[in-house]
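[1] Prediction below, plus the sequence it came from.
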Amino acid sequence: MTNLLYIGNKLSNKGKTVTSIETLGELLKAEGFAIETASNKVNKVYRLVDMLNSVIKYRKQTDFVLIDTYSSSNFYYALFVSQLCRFLRLKYIPVLRGGNLPNRLKSHPKLSKLIFNNAYKNVAPSLYMQSSFEVLGYSNLVCIPNSIEIKNYPFKIRNIDKIKLLWVRSFSKIYNPLLAIQVLKALKDKHIDVELCMVGPDNDGSLEETKKYAEKLNVKVTFTGKLEKEEWVGISKNFNVFINTTNFDNMPVSVIEAMALGLPVISTNVGGLPFLITNEVDGILIPPNNVEAFVQAIIEIKNQPEKIKTMVISARKTAEQFDWNIVKNQWIKLLK
């Protein structure tokens with residue numbers, strides 16, 4: 001049996017979004033891997049201490065340490081944990097989650113090399129992330145995409161009489177939730193019948209900021225807060241356009257899920273999105289932070305039902321390639 005220690009932010013029971021340490025961790029456990037995890041501490045200092053203590057505690061029984069690696073301040077978790085692993089001669093595998101990691105490589109080249117050059121292997125969840133690392137000289141990479149269990153996402157072709165927009169993400173500045181409000185306002189100013197639902201927990205104060213912005217622009221928005229996966233998949237049946245407004249991204253699971261469900265996806269053309277979506281084939285890609293481009297794309301979706309039907313069928317086929325039953329073989333190959 002292969003023993004894993006999975007390091008990441010395990011905070012869903014604290015009101016945060018479920019992350020890969022919980023989803024991927026459980027899937028690997030079901031495949032026969034023994035897994036310990038850290039950390040569920042809310043305080044960042046306590047979380048780091050818990051992560052480091054876990055490395056020390058499980059060092060003698062651990063074959064690999066998986067480290068979810070982000071581009072924000074959580075980058076430093078990966079730095080400290082990886083260097084402790086080096087000291088203890090443990091094989092560690094950074095999983096490159098942060099959509100802005102390529103910029104982190106450029107702004108902190110020495111720290112980045114300490115982490116990534118000494119890893120057993122770096123796992124890139126997208127070809128975008130793999131190529132971004134390779135162009136800067138990193139070679140010990142393998143691309144294993146984020147996965148979903150396709151059976152949990154019933155496909156439905158939607159009618160678009162009234163535009164019903166769905167946004168699903170944690171509320172963070174890098175995901176630009178204010179843009180969704182601006183798009184709603186612009187559509188209403190054109191006297192288009194439209195509604196917007198925004199699903200997700202707050203991450204950095206952006207949820208309250210977005211609510212106040214909606215009030216300022218005098219537009220009604222449904223804010224659900226954090227929902228369990230089954231809950232938002234359930235309410236998705238009542239919506240017919242999925243918008244992804246982010247400024248930085250990697251391989252967002254929420255977009256893959258929307259594609260699997262049959263929701264036509266309009267997304268900013270950033271990070272790993274063009275590696276996931278072929279423009280006008282299985283989604284629509286537009287420039288970041290561009291209200292008018294979003295508006296025009298939404299109107300296009302409403303006015304071209306046959307084209308959109310073909311698009312969502314293609315998107316479902318793309319999403320099926322991310323099914324765990326396919327992706328798991330790459331993890332098994334890496335870890336066994």
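    Sure, I can see it.
[2] for this protein, what spans make up the strands?
    3-7, 34-38, 64-69, 92-96, 122-124, 141-143, 163-168, 194-199, 222-225, 241-244, 265-268, 284-286 (DSSP state E).
[3] I'd like those written out as JSON lines, with mean pLDDT, distance to residue 325 and mean neighbour count added.
    Every residue, glycine included, has its C-beta placed from N, CA and C. Listed next are those as JSON lines, based on pLDDT from 0 to 100; distance: least, C-beta to C-beta, whole Å; neighbours: other C-beta atoms under 10 Å:
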{"stretch": "strand 3-7", "mean pLDDT": "97", "distance to residue 325": "20", "mean neighbour count": "23"}
{"stretch": "strand 34-38", "mean pLDDT": "96", "distance to residue 325": "19", "mean neighbour count": "18"}
{"stretch": "strand 64-69", "mean pLDDT": "97", "distance to residue 325": "20", "mean neighbour count": "25"}
{"stretch": "strand 92-96", "mean pLDDT": "97", "distance to residue 325": "20", "mean neighbour count": "25"}
{"stretch": "strand 122-124", "mean pLDDT": "97", "distance to residue 325": "19", "mean neighbour count": "25"}
{"stretch": "strand 141-143", "mean pLDDT": "97", "distance to residue 325": "18", "mean neighbour count": "17"}
{"stretch": "strand 163-168", "mean pLDDT": "98", "distance to residue 325": "24", "mean neighbour count": "23"}
{"stretch": "strand 194-199", "mean pLDDT": "98", "distance to residue 325": "27", "mean neighbour count": "22"}
{"stretch": "strand 222-225", "mean pLDDT": "97", "distance to residue 325": "30", "mean neighbour count": "14"}
{"stretch": "strand 241-244", "mean pLDDT": "98", "distance to residue 325": "24", "mean neighbour count": "25"}
{"stretch": "strand 265-268", "mean pLDDT": "98", "distance to residue 325": "23", "mean neighbour count": "25"}
{"stretch": "strand 284-286", "mean pLDDT": "98", "distance to residue 325": "28", "mean neighbour count": "22"}
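[4] Please produce a markdown table containing these, extended by distance to residue 49.
    Output for these, formatted as a markdown table (distance: least, C-beta to C-beta, whole Å):
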| stretch | distance to residue 49 |
| --- | --- |
| strand 3-7 | 12 |
| strand 34-38 | 10 |
| strand 64-69 | 16 |
| strand 92-96 | 18 |
| strand 122-124 | 25 |
| strand 141-143 | 30 |
| strand 163-168 | 33 |
| strand 194-199 | 33 |
| strand 222-225 | 30 |
| strand 241-244 | 35 |
| strand 265-268 | 37 |
| strand 284-286 | 42 |
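[5] And the residue most central in space within the chain, how far from residue 168?
    Nearest to the geometric centre of the chain sits residue 252, at 3.1 Å (C-alpha atoms, centre = their mean). The gap separating residue 252 from residue 168 is 9 Å, by C-beta to C-beta, to the nearest Å.
[6] can you give me how far stretch 117-136 is from the chain middle?
    Here stretch 117-136 is found 17 Å from its chain centre; the criterion is C-alpha atoms, centre = their mean, to the nearest Å.
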